[in-house]
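1. what follows is a predicted protein model with its sequence.
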Amino acid sequence: MPKRLLAASGIAAYLFLYLPLVIVVAYSFNDSRLNAEWVGFTWRWYKALFEDDAMLKAAGNSLFIALTASFAATVLGTMAGYALHRYRLRLLPVLIMAPLAIPEILVGVSLLIFFVAVNLTLGLLSITLSHIAFCIGFVAIVVRSRLAGMDESLPEAARDLGASPWQAFRLVTFPLIAPGILAGALLAFTLSIDDFVITFFTAGVGASTLPLQIYSMIKIAVTPEVNAVSTLLMLLTLFLIVIASRISPDSVRGK
């Protein structure tokens, strides 16, 4: 009985997580604007999506911000994770982990006040800088976890054999933590392209992203066009996971 109850609980949990996604995908092909019931199959919402200039511009902004922020956050987060692992400084973990513990609305308000104080015009630059600051901590945690499971004798052996600190890191440490770095980059990209709260506070006039554009649309009604763009976002996420599993299987398996 406990095994059956455990299996039933697991199935219920997976249905709760994934059934709404299946419904979103299915209704992106629904030939009805109201989304209240299934009428018939159609591709017209995807056609309408690719003819929507505002949505395409917002999607382009989101991709640009996510790619830029994930790259910068991965570089800085990797260095931060390495510093957390290597040096036992009391203040460093607080500085890196604080954005993760603070509610996003407070982070957004704080960044807005900072940008106003330094007289930085709100726009794509302010959003990108905000996403970089927010994502660094997540990358640092993943990289630090990877470093914690690494055999420290390997870089030490490289140093004993005459390698410089940079050579030991580049030839020994970096290949070993590469799956963690890739996982951190994927996490940063996903968090950036999906973020709404921080973007809402740091976006200026005319600097719209995909979450902001979707929010402006669903205030009126959830049209199948929103389902279509949500489906494409899910496909993009799955594509990135497949690419990551091909490049570095350990980053997906968590080894």
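-> Good, I have the coordinates.
2. only C-alpha atoms for contact and neighbour calcs from this point on.
-> Will do.
3. wait, what's in contact with the nearest residue to residue 154 once chain neighbours are set aside?
-> Closest residue to residue 154 apart from its sequence neighbours, by Cα to Cα, 6 or more residues apart in numbering: residue 172 at 7.1 Å. Contacts for residue 172 (Cα atoms under 8 Å, 6 or more residues apart in numbering) come out as 154-155, 158.
4. and those residues, which is closest to residue 201?
-> residue 155 (44.1 Å; Cα to Cα).
5. hang on, that closest one packs against residue 168?
-> Yes. Using Cα atoms under 8 Å, residue 155 is in contact with residue 168, at 5.5 Å.
6. just give me the neighbour total for residue 151.
-> Residue neighbour count, defined by other Cα atoms under 10 Å, stands at 11 for residue 151.
7. show me where the stretch 151-255 of the chain dips below the pLDDT cut-off.
-> Applying pLDDT under 70 to the stretch 151-255 of the chain flags the ranges 220-222, 244-245, 247-255.
8. try 50 this time
-> 251-252, 254 (pLDDT under 50).
9. now the helices for it?
-> 153-160, 165-168, 174-194, 197-202, 210-218, 224-247, 249-253 (DSSP state H, counting those that start in this stretch).
10. would you turn the ones you listed into a markdown table with mean neighbour count and distance to residue 125?
-> Output for those, formatted as a markdown table (neighbours: other Cα atoms under 10 Å; distance: least, Cα to Cα, whole Å):
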| stretch | mean neighbour count | distance to residue 125 |
| --- | --- | --- |
| helix 153-160 | 14 | 39 |
| helix 165-168 | 14 | 32 |
| helix 174-194 | 22 | 13 |
| helix 197-202 | 22 | 9 |
| helix 210-218 | 17 | 16 |
| helix 224-247 | 17 | 23 |
| helix 249-253 | 16 | 30 |
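11. wait, which of the ones you listed is closest to residue 63?
-> helix 174-194 (6.7 Å).
12. that closest one vs helix 210-218, what angle?
-> 20 degrees (axes from the mean of the first three to the mean of the last three Cα atoms, to 10 degrees).
13. what's the closest of the helices of the stretch 151-255 of the chain to residue 59?
-> helix 210-218 (5.1 Å).
14. contacts only, for the most centrally placed residue in the chain.
-> Centroid check for the chain by Cα atoms, centre = their mean gives residue 190 as the closest residue, at 2.0 Å. Applying Cα under 8 Å, 6+ apart, we find residue 190 in contact with 66, 237.
15. noted, bye for now.
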